[in-house]
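K.L.:
fold the following and give me the result.
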Amino acid sequence: MYYSRLRLLGVAGICLIGVLLCLPNFMRSPAPSLPWRQIHLGLDLRGGSYLLLQLDLKSLEHDRLQSLQDQARQTLLDRSLGYRDFARDDATASLSFVPRSDAESDAALKAMQSLPPVVPNEFTTSEKDGRIVLTLQHEAMLARAREAVAQSIEIVRRRIDATGAIDPSIAREGDDRIVVELPGVSDPERIKSLLGTTARLTFRLLAPNPSVASPGSTMLEDESVHTQVAVQDHIDVDGTDLTNAGAVIDQQSGGWAVTFQLNSAGATAFANVTRANVGKRFAIVLDNKVIEAPNIINPITAGSGQITGGFDARSASDLALLLRAGALPAPLSVVEQRTIGPSLGAASIHAGVISLLTGLLLVIVFMVLFYGRFGLYADVALFANLILMVAILSLFQATLTLPGMAGMLLTLGMAVDANILINERIREEVKRGRGPLQALQAGFDRATGTIIDSNATAFLAHVMLFVFGTGPVRNFALTITIGIATTLFTTLLLSRLLVVRWYALARPKELPV
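P.N.:
Numbering: from 1, shown residues only. Purely as a prediction, here's the structure:
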């Protein structure tokens with residue numbers, strides 16, 4: 001029951017720091033000399049936009065078939081194996097071709113079996129009616145889809161963060177959907193356009209006859225001349241080799257352009273293809289649309305280039321942002337969109353604050369009526385507990401939602417339970433005939449173990465909720481977890497400090513409990 005001056009100052013200092021960290025949440029203009037950290041309000045409190053995005057798994061499968069076809073052709077050429085009638089069937093997710101001769105059939109089959117899979121057991125190879133057939137496996141494509149969703153979440157996060165959106169929430173839903181919550185964003189059209197763009201940049205040569213599609217080429221829209229051109233399916237340089245991109249003003253035309261920089265592998269590939277195809281047209285393709293197709297005048301060996309395509313400042317900046325963030329593995333489509341107005345958020349805040357204050361007031365009255373002075377000290381500790389919870393949330397700039405507010409109210413109830421255990425234990429010791437100091441010492445000591453045990457189990461349970469939960473569950477678990485830590489501090493240190501200081505000053509012959 002002895003508190004040294006250092007211990008007293010430590011407890012008081014922590015409470016004072018908590019008050020200072022809470023202040024920014026109740027002040028309009030920040031003070032420049034103070035660290036200004038506030039609690040962010042979630043979508044249900046602040047209002048904003050809700051987007052449900054779905055990954056196009058068919059497109060993912062189509063792109064894999066196309067890349068597998070390029071790999072198969074290149075492998076056959078490297079092994080001097082001929083082929084004819086190369087066909088791709090999206091309906092059955094398969095590729096097939098006819099070997100040049102029956103003598104090369106076994107060698108062609110072994111060559112296809114040596115192709116590296118993206119995921120284990122990705123495809124099977126077989127021979128049917130004289131054709132070599134490669135078939136993508138459904139289970140492997142589902143595994144690839146799960147990887148693609150995880151990859152898409154990171155790319156979506158990078159794109160949204162680059163727009164300056166405050167504390168967005170991005171989470172997986174099901175096998176192929178992503179939930180995006182944007183607090184404070186009432187018009188998400190720019191966000192939708194950024195997320196709806198796959199931003200896969202490739203560099204390909206035009207077909208020998210750009211006006212007619214030949215085997216191994218596809219007709220794509222050329223946005224610079226608004227017509228269709230035949231572009232080779234083989235990708236000479238992939239946008240995944242990009243290391244940086246930025247929006248600049250073109251010194252020649254005075255218009256906006258996008259510069260890009262390739263890594264060493266991309267720079268080498270770019271140099272090789274431009275060196276071997278001087279005089280030919282090289283198409284810059286973004287999401288299956290040709291931005292421009294300039295002639296290769298000289299080999300480009302620096303690993304950098306510039307894209308001009310009639311950009312304005314906004315479109316050039318957005319394209320540079322998309323290229324820096326990386327390409328989505330497959331297109332995302334908006335399945336559902338909701339906008340929550342700020343008035344609904346304000347009503348939720350009002351209702352949450354009223355419920356929190358009402359619950360706090362009822363607890364304060366209950367404790368004073370049942371435990372008198374000790375109940376009053378418990379109420380002071382309870383109020384300090386609320387301040388410390390808000391302070392920690394502010395320090396980490398956490399997002400507060402309605403479930404989080406419910407967690408705060410539940411924490412206050414749990415904190416009261418701890419104080420009730422202490423006060424009831426002190427009453428029992430008084431009834432046993434112990435003196436005031438001995439009753440206080442025994443009451444706190446014997447209740448401490450029970451309080452720590454009960455809060456430790458609750459702490460572990462809510463940590464698991466935070467780790468494995470999503471959205472509202474995580475916010476609820478976060479506030480409870482923080483509340484348990486502050487409850488142990490205010491109950492075992494602050495309330496004991498108040499009782500000890502009162503006893504040292506009053507020296508009562510009987511305890512008012």
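K.L.:
isn't residue 221 right next to residue 287, touching?
P.N.:
No - the criterion here is CB atoms under 8 Å, and residue 221 misses it with residue 287 at 10.5 Å. C-beta here means a position set from N, CA and C on the backbone, and glycine is covered the same way.
K.L.:
neighbour-wise, which of the two wins?
P.N.:
Shown here are residue 221 and residue 287; by other CB atoms under 10 Å, residue 287 has more neighbours (17 against 13).
K.L.:
show me what contacts the more buried one?
P.N.:
Shown in contact with residue 287 (CB atoms under 8 Å, 6 or more residues apart in numbering): 197-200.
K.L.:
quick one: it and residue 319, what's the gap?
P.N.:
With distances taken as CB to CB, to the nearest Å, residue 287 is found 11 Å from residue 319.
K.L.:
can you tell me which helix or strand of the protein has the lowest average pLDDT?
P.N.:
Across the helices and strands of the chain, mean pLDDT, DSSP states H and E gives its lowest value to helix 43-46, namely a mean of 75.
K.L.:
what residues of that one count as buried?
P.N.:
Buried residues in helix 43-46, defined by neighbour count with 16 or more other CB atoms under 10 Å: 43-46.
K.L.:
among those, which one sits closest to residue 336?
P.N.:
Nearest to residue 336 out of the buried residues of helix 43-46 is residue 43 (CB to CB; 13.9 Å).
K.L.:
the nearest residue to the closest one once chain neighbours are set aside pairs with what?
P.N.:
Once flanking residues are discounted, residue 43 sits nearest to residue 181: 4.4 Å by CB to CB, 6 or more residues apart in numbering. When assigned by DSSP bridges, residue 181 has beta-bridge partners residue 50, residue 169.
K.L.:
just to revisit the earlier point, can you check which residues contact both of residue 287 and residue 319?
P.N.:
What both residue 287 and residue 319 touch, as defined by CB under 8 Å, 6+ apart, is the set residue 199.
K.L.:
residue contacts, the residue nearest to residue 43?
P.N.:
Counting by CB under 8 Å, 6+ apart, residue 181 has contacts 42-43, 48-51, 168-170, 471.
K.L.:
please repeat the previous calculation with a cut-off of 6 Å.
P.N.:
Neighbouring residues of residue 181 by CB atoms under 6 Å, 6 or more residues apart in numbering: 43, 50, 169.
K.L.:
hmm, residue 185 and the first one touching each other?
P.N.:
No - between residue 43 and residue 185 there is no contact under CB atoms under 6 Å: 9.4 Å.
K.L.:
in the helix or strand hosting residue 487, what's buried?
P.N.:
Taking DSSP states H and E as the criterion, residue 487 maps to helix 472-489. Of all the residues in helix 472-489, those buried under the rule 16+ other CB under 10 Å are 472, 474-484, 486-489.
K.L.:
just the residues you listed now: which is nearest residue 232?
P.N.:
residue 474 (47.8 Å).
K.L.:
contacts only, for that closest one.
P.N.:
residue 466.
K.L.:
how about the one 3 residues further on?
P.N.:
The neighbourhood of residue 477, defined by CB under 6 Å, 6+ apart, consists of 462, 465-466.
K.L.:
kindly reformat those as a markdown table containing neighbour count, pLDDT and secondary structure.
P.N.:
Supplementary listing: those in a markdown table, determined by neighbours: other CB atoms under 10 Å; pLDDT from 0 to 100; DSSP: H, G, I helix; E, B strand; the rest coil:
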| residue | neighbour count | pLDDT | secondary structure |
| --- | --- | --- | --- |
| 462 | 22 | 90 | helix |
| 465 | 16 | 88 | helix |
| 466 | 16 | 88 | helix |
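K.L.:
quick check, nearest of those to residue 296?
P.N.:
The closest of those, once distances to residue 296 are taken by CB to CB, is residue 466, at 55.0 Å.
K.L.:
identify the residues contacting that closest one.
P.N.:
Neighbours of residue 466 in contact, by CB under 6 Å, 6+ apart: 474, 477-478.
K.L.:
roughly how far apart are the spatially closest residue to it that is not a sequence neighbour and residue 407?
P.N.:
Sequence neighbours aside, residue 477 is the residue nearest to residue 466 in space, at 3.9 Å (criterion: CB to CB, 6+ apart). As judged by CB to CB, residue 477 and residue 407 stand 7 Å apart.
K.L.:
give me the pLDDT for the residue lying closest to residue 377 once chain neighbours are set aside.
P.N.:
Distance criterion CB to CB, 6+ apart; nearest residue to residue 377, sequence neighbours excluded, is residue 498 at 4.3 Å. Residue 498 is assigned a predicted lDDT (pLDDT) of 90.
K.L.:
likewise residue 96?
P.N.:
91.
K.L.:
so who does residue 356 touch?
P.N.:
The contact partners of residue 356, by CB under 6 Å, 6+ apart, come to residue 409.
K.L.:
roughly how far does it sit from residue 378?
P.N.:
18 Å.
K.L.:
now the spatially most central residue of the chain: how far from residue 337?
P.N.:
The structure's the chain has its C-alpha centroid closest to residue 170; by CA atoms, centre = their mean the separation is 4.5 Å. Look at residue 170 and residue 337: by CB to CB, they are 15 Å apart.
K.L.:
just the endpoints, please. Distance across stretch 248-262?
P.N.:
Start-to-end span of stretch 248-262 (CA to CA, to the nearest Å) is 17 Å.
K.L.:
any buried residues in that stretch, and which?
P.N.:
250, 256-262.
K.L.:
go on, stretch 298-315?
P.N.:
Buried, per 16+ other CB under 10 Å, within stretch 298-315: 300, 303, 305, 307-309, 311.
K.L.:
give me the contact list for that stretch.
P.N.:
250, 256-262, 267, 270-271, 274-275, 284, 291-292.
K.L.:
8 Å - rerun?
P.N.:
Contacts with stretch 298-315, where a contact means CB under 8 Å, 6+ apart, come from 223-224, 247-248, 250, 253, 255-264, 266-267, 270-271, 274-275, 278, 284, 291-292, 319.
K.L.:
C-terminal to the longest helix belonging to the chain, what's the next element?
P.N.:
Longest helix in the chain, counting residues (DSSP state H): helix 342-395. Downstream of helix 342-395, the first helix or strand assigned by DSSP H and E is strand 399-400.
K.L.:
state the mean pLDDT of whichever helix or strand comes after that following strand.
P.N.:
Downstream of strand 399-400, the next assigned helix or strand under DSSP H and E is helix 402-431. For helix 402-431, mean pLDDT rounds to 86.
K.L.:
give me the buried positions along helix 402-431.
P.N.:
Taking 16+ other CB under 10 Å as the criterion, helix 402-431 shows 402-409, 411-412, 414-416, 418-423, 425-427, 429-430 as buried.
K.L.:
ok so, going back, just the buried ones out of the contacts of residue 287, please.
P.N.:
Here, 16+ other CB under 10 Å leaves 197-200 buried among these.
K.L.:
can you list the residues you listed in a markdown table and add secondary structure?
P.N.:
As requested, those are exported to a markdown table (DSSP: H, G, I helix; E, B strand; the rest coil):
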| residue | secondary structure |
| --- | --- |
| 197 | coil |
| 198 | coil |
| 199 | coil |
| 200 | coil |
